[in-house]
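# need a structure here:
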Amino acid sequence: MKNRILNKYPDSVFTTTRSQKVYFADFSKRTNKNRGVEVSETIPKDPNDENLDMDCFVIDNSNCHSFEYNVFDDLQFHDENGKQLPHGECCIFPTINDGRSWFVILEIKDTTEKVSNYKKNIEGKMDSMFKVFRNQVGITNTIYFIASFPPKTIHDQSIFNDYVDLKNYRKTVMVVSNSATIIDNHSLDPYN
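Now for the predicted structure:
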């Protein structure tokens, strides 16, 4: 998968890890965009109150499988006219992969507002990311589009209920979740 992405987007930067827990946090809102998405192996602190932990999306990798992630640059994806495409925060996939391996596109919303307020925004990003990774890059694996709202503990899955176009794509899973568990290179549980 990494080579396919690099063939289409050669400036992509990947990080490989085997860590048991990996935290993905979007600092944009809390720092007036002075910081963006950051990934760490320990829970980062809230930039506005060092006594509080930052709200994060968490990958649980208790079996220490090797996986890769690419935090997207704001200028990473553009159409044939050079216009910037809407995109999620990053992609995540197993280092050793084949046609049965999982592939995650992660979107993080650091907000306590209702999930439904972000429906149109998330739909645009899903459309764009599925076109990039299915059509341009050629990823045929199961793609999980995970929308994470880390300050929220109750997840409203209805954001995807009437979005039939993407649900009809083969090997597509859309879910609202703040964590996922890597079972192995072929199995991911985004519902924990």
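# strands of this protein, start to end?
Counting by DSSP state E, one finds strands in the chain at the ranges 15-17, 21-26, 37-40, 45-46, 49-53, 57-60, 67-71, 90-94, 102-108, 142-148, 172-176, 179-182, 188-189.
# what comes into contact with the fourth one?
The one in question is strand 45-46. Strand 45-46 is touched from outside by 30, 51-55, with contacts defined as CB atoms under 8 Å, 6 or more residues apart in numbering. Backbone N, C-alpha and C define where each C-beta goes, glycine included.
# possible to save these as JSON lines with neighbour count, pLDDT and distance to residue 120?
JSON lines is the format used below for the contacts of strand 45-46 (neighbours: other CB atoms under 10 Å; pLDDT from 0 to 100; distance: CB to CB, whole Å):
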{"residue": "30", "neighbour count": "17", "pLDDT": "93", "distance to residue 120": "23"}
{"residue": "51", "neighbour count": "6", "pLDDT": "96", "distance to residue 120": "36"}
{"residue": "52", "neighbour count": "10", "pLDDT": "95", "distance to residue 120": "30"}
{"residue": "53", "neighbour count": "14", "pLDDT": "95", "distance to residue 120": "30"}
{"residue": "54", "neighbour count": "21", "pLDDT": "95", "distance to residue 120": "26"}
{"residue": "55", "neighbour count": "22", "pLDDT": "93", "distance to residue 120": "23"}
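# list just the nearest of those residues to residue 134.
residue 55 (30.1 Å; CB to CB).
# ok, back up a step: which one of the contacts of strand 45-46 is nearest to residue 83?
Distances from residue 83 to the contacts of strand 45-46, taken by CB to CB, are shortest for residue 30, at 28.5 Å.
# if we can go back for a sec, let's have the strands of the chain in CSV, adding distance to residue 8.
Formatted as CSV, those follow (distance: least, CB to CB, whole Å):
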stretch, distance to residue 8
strand 15-17, 19
strand 21-26, 23
strand 37-40, 21
strand 45-46, 36
strand 49-53, 36
strand 57-60, 24
strand 67-71, 12
strand 90-94, 12
strand 102-108, 14
strand 142-148, 15
strand 172-176, 20
strand 179-182, 25
strand 188-189, 23
